[in-house]
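Chemist: Generate a structure from the sequence data that follows.
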Amino acid sequence: MTETKAQETYIVAEGKKRGSTRDVRPEAATDRFYTVTRVHPGDAIVTDNWHTNEVLDHTRKNFEGYTFEMRTLEAWGAMVENDRRAYYTAGGRVWVLDLEPAAGKKKRAQPQTAQV
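Modeler: Prediction:
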């Protein structure tokens, strides 16, 4: 019987970080896909200024509506807490990613547009 060793690093295969190597948790499954339905600050109080608005807008444009493999989300720095929520740090702030389990990779869904 052969024992498979968990992959400790991952070469990002999509997005602008394509080709870079990232460390990932062994629990990050390669066969689990999630669609990011919404990016928001959670229950954090965020200031309404240019930097916060730019970072939130950028994060929404790059995540909302897209389906990612769990390993890709974690390679990009997101921490998947469970099948419904992940946390992503950008611009010195922690953003909440609302997730929906997906059967596999699919075209971008229409993102929900909720204002902070």
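Chemist: Count residues in the vicinity of residue 40, would you?
Modeler: Residues near residue 40, counting by other CB atoms under 10 Å, number 19. C-beta here means a position set from N, CA and C on the backbone, and glycine is covered the same way.
Chemist: My read is that it contacts residue 88, right?
Modeler: No: with contacts counted by CB atoms under 8 Å, residue 40 stays clear of residue 88, the gap being 11.0 Å.
Chemist: Can you check which residues contact both of these two?
Modeler: 95-96 (CB atoms under 8 Å, 6 or more residues apart in numbering).
Chemist: what's the spacing between residue 90 and residue 103?
Modeler: Distance of residue 90 to residue 103, given as CB to CB, to the nearest Å: 28 Å.
Chemist: more neighbours, those two?
Modeler: Shown here are residue 90 and residue 103; by other CB under 10 Å, residue 90 has more neighbours (17 against 7).
Chemist: Let me see the contact set for the more buried one.
Modeler: Contacts of residue 90 by CB under 8 Å, 6+ apart are 55, 58-59.
Chemist: The nearest residue to residue 102 once chain neighbours are set aside and residue 57, how far apart?
Modeler: The spatially closest residue to residue 102, leaving aside those adjacent along the chain, is residue 33, at 4.2 Å (CB to CB, 6 or more residues apart in numbering). As judged by CB to CB, residue 33 and residue 57 stand 25 Å apart.
Chemist: The two: which has the busier surroundings?
Modeler: More neighbours surround residue 33 than the other of residue 33 and residue 57, with 20 against 11 (other CB under 10 Å).
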